[in-house]
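Asker: sequence plus the predicted model coming up.
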Number of protein chains: 2
Amino acid sequence: MEIRIIPIKGVPVPVKAGDDVAKLLCEAIDRQGISLQDGDVLVVTHKVISKSKGLIYRLSEVKPSKEAVMLSRSLGKPPELVEVILRETARIIRTRNGLIICETRHGFVCANAGVDVSNVDGGLSATTLPPDPDEEARRIRRFFREARGVDIAVVISDTHGRPFRRGQVNVAIGIAGIKPLRDRRGDRDLFGYELKATAIAVADEIASAAELVIGQAGEGIPAAIVRGLKYNVDLTSSIKDLVMSPEEDLFR
Amino acid sequence: MEIRIIPIKGVPVPVKAGDDVAKLLCEAIDRQGISLQDGDVLVVTHKVISKSKGLIYRLSEVKPSKEAVMLSRSLGKPPELVEVILRETARIIRTRNGLIICETRHGFVCANAGVDVSNVDGGLSATTLPPDPDEEARRIRRFFREARGVDIAVVISDTHGRPFRRGQVNVAIGIAGIKPLRDRRGDRDLFGYELKATAIAVADEIASAAELVIGQAGEGIPAAIVRGLKYNVDLTSSIKDLVMSPEEDLFR
């Protein structure tokens, strides 16, 4: 019943466009002298996947739209960065005090539409989320099935802020081989109370658990193995199962 | 660097009013043949603490106020339950479709002000949150320091829903011996972006990680040990550090 969270070290960073993240992870796991087992959950931070897909934009080469220029003034961010954010945005949910909370094209609600800024070669660059994180998770799952003959689940993660509580937590933005919600068969269900709230977002909890070993090292540890967890295997689940529609959301 | 999440089994349930939860957990850990070590984080679900403090109300004995009766009609919940919820509520944030999202007296924003319903002796009973979960965490921390000579951190947890994403996750509602936020020293800080968002709510991630072993067993596993985590020890931190004020919240 014990769960182990094992950091994956030794992935050569920074990951470059064209790198095969699944292969890099597999080699790093080999070098660590461990191997994936059936039922393991592999959590991978999206950033290495985004970089491997070349989803990096040098801000000096981005041409901001009029809307981006106007918005950049109130946000106090470079217009080129705001332009990248807007391209990732389906809907702006809130702006205030330099913060822009967006609904991404995937339906995630998060700051800056998931765009990260970093300093590459002395200039500012922006990294965007993979367009289809479920597909990235499935690809990694397939890789380990074919290369190592193991059936694992994969969770692609990102850190998001949230209303009501300070700080960010790691959440799932893509999944493969796991049902992301677990039904709660507790007292509450017996009486029909809170029927809408009787599921645990286990994929998010897995992402948060993995962050405990991933987080402090930055890109040095881009992934972790969660071992010993009993979860519902499901090959057809999608991260969409965790995404609340605007209609069911009380806070949009 | 590996983290282990160890479930604590064998706590005699249901916990009764007057029970010493710290002592029950200590005895259960002893029976499991393990012992707490310096630096362990002990995560305890609030429900056993609430029960030990007698924070259970038989709904048949609760007299609902006029406000509770009125609200119960639109919510489709028993007026006695709504009365218990309102007593725990500092401010109603949203009501819709049978859901009531409240700001509790602690400042937490959650469904039903944290009130759980269960069936005790054939009637409906409601359990409320401990009035001072930090103090409960400190008490458990002191107990293990005095009884076993170990310096641990303690996190009291509850499962909360959240906007934007389906399902509940376990979060921290009381802490002792640990700084609940960890500063992120990553790319973002270098450029001053998202200064408000550059901390990880590590106490919440710990609670979520623990839920992975606690959750499925209901009251059978009311606590878990998180071992191997590097965290910032802090004896003066409070869960208030994780509670966003209405003023800084974009969604209240």
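Answerer: Arrived safely.

Asker: for the closest residue to residue A:50 other than its chain neighbours, give me phi and psi.
Answerer: Counting by C-beta to C-beta, 6 or more residues apart in numbering or on different chains, residue A:50 lies nearest to residue A:127, which is 4.9 Å off, once chain neighbours are set aside. (Glycine included, C-beta is placed from N, CA and C.) Here is the backbone geometry of residue A:127 (degrees, to the nearest 10): phi -110, psi 140.

Asker: over to residue A:29?
Answerer: When quoted as degrees, to the nearest 10, the phi and psi of residue A:29 stand at phi -60, psi -40.

Asker: okay, it: pLDDT?
Answerer: Looking at residue A:29, its pLDDT is 98.

Asker: so it is in contact with residue A:7, correct?
Answerer: No - using C-beta atoms under 8 Å, residue A:29 is not in contact with residue A:7, being 10.7 Å away.

Asker: I figured residue A:23 was touching residue A:146, is that so?
Answerer: No - contact criterion C-beta under 8 Å: residue A:23 and residue A:146 do not qualify, at 11.2 Å.

Asker: where along the stretch 1-150 of chain A do the strands fall?
Answerer: With strands called from DSSP state E, counting those that start in this stretch, the stretch 1-150 of chain A shows them at A:3-8, A:41-45, A:56-58, A:89-96, A:99-104, A:109-111, A:116-120, A:123-127.

Asker: the ones you listed: lowest mean pLDDT?
Answerer: strand A:116-120 (a mean of 78).

Asker: which residue does the stretch 51-200 of chain A bring closest to chain B?
Answerer: residue A:167 (3.1 Å; C-beta to the nearest C-beta).

Asker: any stretches of the stretch 51-200 of chain A with poor pLDDT?
Answerer: A:120-121, A:184-197 (pLDDT under 70).

Asker: one step back: can you list the strands of the stretch 1-150 of chain A in a markdown table and add mean neighbour count?
Answerer: Output for those, formatted as a markdown table (neighbours: other C-beta atoms under 10 Å in any protein chain shown):
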| stretch | mean neighbour count |
| --- | --- |
| strand A:3-8 | 23 |
| strand A:41-45 | 27 |
| strand A:56-58 | 16 |
| strand A:89-96 | 15 |
| strand A:99-104 | 21 |
| strand A:109-111 | 24 |
| strand A:116-120 | 18 |
| strand A:123-127 | 19 |
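
Asker: adding distance to residue B:173, write those out as a markdown table.
Answerer: Shown next, in a markdown table, are those (distance: least, C-beta to C-beta, whole Å):
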| stretch | distance to residue B:173 |
| --- | --- |
| strand A:3-8 | 22 |
| strand A:41-45 | 25 |
| strand A:56-58 | 39 |
| strand A:89-96 | 26 |
| strand A:99-104 | 25 |
| strand A:109-111 | 24 |
| strand A:116-120 | 30 |
| strand A:123-127 | 34 |
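
Asker: please name the bridge partners of the residue nearest the centre of chain A.
Answerer: Residue closest to the average C-alpha location in chain A (C-alpha atoms, centre = their mean): residue A:157, at 2.5 Å. Counting by DSSP bridges, residue A:157 is bridged to residue A:45, residue A:172.

Asker: so it makes contact with residue A:207?
Answerer: Yes - contact criterion C-beta under 8 Å: residue A:157 and residue A:207 qualify, at 4.0 Å.

Asker: give the residues shared as contacts by those two.
Answerer: A:43, A:170-172 (C-beta atoms under 8 Å, 6 or more residues apart in numbering or on different chains).

Asker: hang on, the earlier thing: run through the bridge partners of the closest residue to the residue of the stretch 51-200 of chain A closest to chain B other than its chain neighbours.
Answerer: The shortest distance from residue A:167 to any non-neighbouring residue, by C-beta to C-beta, 6+ apart, is to residue B:201 (3.1 Å). Beta-bridge pairing of residue B:201 under DSSP bridges involves residue B:181.

Asker: export the shared contacts of residue A:157 and residue A:207 as JSON lines, with columns for distance to residue B:39.
Answerer: Below are these laid out as JSON lines (distance: C-beta to C-beta, whole Å):
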{"residue": "A:43", "distance to residue B:39": "23"}
{"residue": "A:170", "distance to residue B:39": "22"}
{"residue": "A:171", "distance to residue B:39": "27"}
{"residue": "A:172", "distance to residue B:39": "28"}
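
Asker: now do the same contact list for residue A:51.
Answerer: Here residue A:51 is in contact with A:14-17, A:19, A:127 (criterion: C-beta under 8 Å, 6+ apart).

Asker: let's see 6 Å
Answerer: residue A:15 (C-beta atoms under 6 Å, 6 or more residues apart in numbering or on different chains).
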